[in-house]
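> Sequence first, then the predicted structure, then my questions.
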Amino acid sequence: MLGVNARPIVAKVIAPAVRGLARAGVTPDMVTIAGQDNTVGQSIYLLPLNAANQLCVTATSGGGTLTIPEAPGFSLTVNPGQVTFPGGTQTGCVTVTVVHGDGAFGYPPSAPYERIILTVGAWDIAPAWGEQLAPQGRVVLPLTLLPSLMLSVALERVDHGFQSVSAKPCGFMPLRGVHAHPRTWEWAPPSVGMYPKTLPQPVGPNEIGIVKDWHQMIIRWPQYAARGEEHVPPKPQSGPSAEHL
């Protein structure tokens, strides 16, 4: 998880796992397998950064590349005029700090953040991310809409919720920890109902309804039913059954 706040811009990288280590040029002594339990003998984190490690930049000068001696291969390049700080100015300093912890809880001491970015698949928006996001902030995360359907979405606040300003297909490893991603890859196949478009059916709270050219399609996963959620039966139909249309 990466958070960017406004006093000054500070990137907080929270609980990077093996994928983050590999990208930083640190070779872990274990291999993780997606969709399986993986035993980790010790905590795996990137080494802490020096809090004084920063780059100052203006619209026309300064900048450079931040590196971490303890993590060969990691770098952050900032060019003049590339960064816009709070208030619209292009003059300021960029500091990078690593925080050890579960990203599901964010990092309250430096909140609120103008941007919160996840590089791991999430099933939902954890409460802490919304609480620590600035009023005009944006959260970017790989979000599982349905089993086997993940989109990278950029969300901004609207009324009492969030609305996407972009959404593109993607694929990421699932979130682990306290708010771990459900093991949807082990879910049983969904049931799909097809009903004549002229006889629309009620769609339950955990069903997906899509109206097509001639039929309404309703998709439901048995895992939801197993949680005791009420299933609304189809309305009585007249004429030929849906299976024969």
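The structure has been received and is ready for your questions. Residues are numbered from 1 along each chain as shown.
> tell me the helices in the protein, going along the chain?
18-23, 127-132, 222-226 (DSSP state H).
> outside of the second one, which residues touch it?
The set of residues that contact helix 127-132 without belonging to it, under CB atoms under 8 Å, 6 or more residues apart in numbering, is 3, 104, 105, 106, 107, 108, 111, 112, 113, 116, 139, 162. Where you see a C-beta, it was placed from the backbone N, CA and C, and this is true even at glycine.
> List the buried residues for that helix?
Buried residues in helix 127-132, counted by 16 or more other CB atoms under 10 Å: 128, 129, 130, 132.
> From the contacts of helix 127-132, pick the one nearest residue 64.
Nearest to residue 64 among the contacts of helix 127-132, counting by CB to CB, is residue 3 at 22.6 Å.
> Please write out the alpha-carbon positions of the longest strand seen in the chain in CSV.
Longest strand in the chain, counting residues (DSSP state E): strand 133-146. The C-alpha trace of strand 133-146 is given here as CSV (Å, rounded to 0.1, in the frame of the first residue of the first chain):
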residue,chain,number,x,y,z
LEU,A,133,-8.3,9.6,2.6
ALA,A,134,-8.4,13.4,2.2
PRO,A,135,-11.8,14.9,1.3
GLN,A,136,-10.6,15.5,-2.3
GLY,A,137,-8.4,12.5,-2.4
ARG,A,138,-8.3,9.5,-4.6
VAL,A,139,-7.8,5.8,-3.9
VAL,A,140,-6.5,3.5,-6.6
LEU,A,141,-6.7,-0.3,-6.2
PRO,A,142,-7.1,-3.6,-8.0
LEU,A,143,-10.7,-4.4,-7.0
THR,A,144,-12.4,-7.8,-7.5
LEU,A,145,-15.9,-7.1,-8.8
LEU,A,146,-16.7,-10.8,-9.2
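> now for it, which elements pack on it?
Secondary-structure packing of strand 133-146 (3 or more CB pairs under 8 Å, 6 or more residues apart in numbering; DSSP states H and E): strand 113-117, strand 149-158.
> Output those as JSON lines; include the columns mean neighbour count, distance to residue 57 and mean pLDDT.
Listed next are these as JSON lines, based on neighbours: other CB atoms under 10 Å; distance: least, CB to CB, whole Å; pLDDT from 0 to 100:
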{"stretch": "strand 113-117", "mean neighbour count": "21", "distance to residue 57": "17", "mean pLDDT": "88"}
{"stretch": "strand 149-158", "mean neighbour count": "17", "distance to residue 57": "24", "mean pLDDT": "92"}
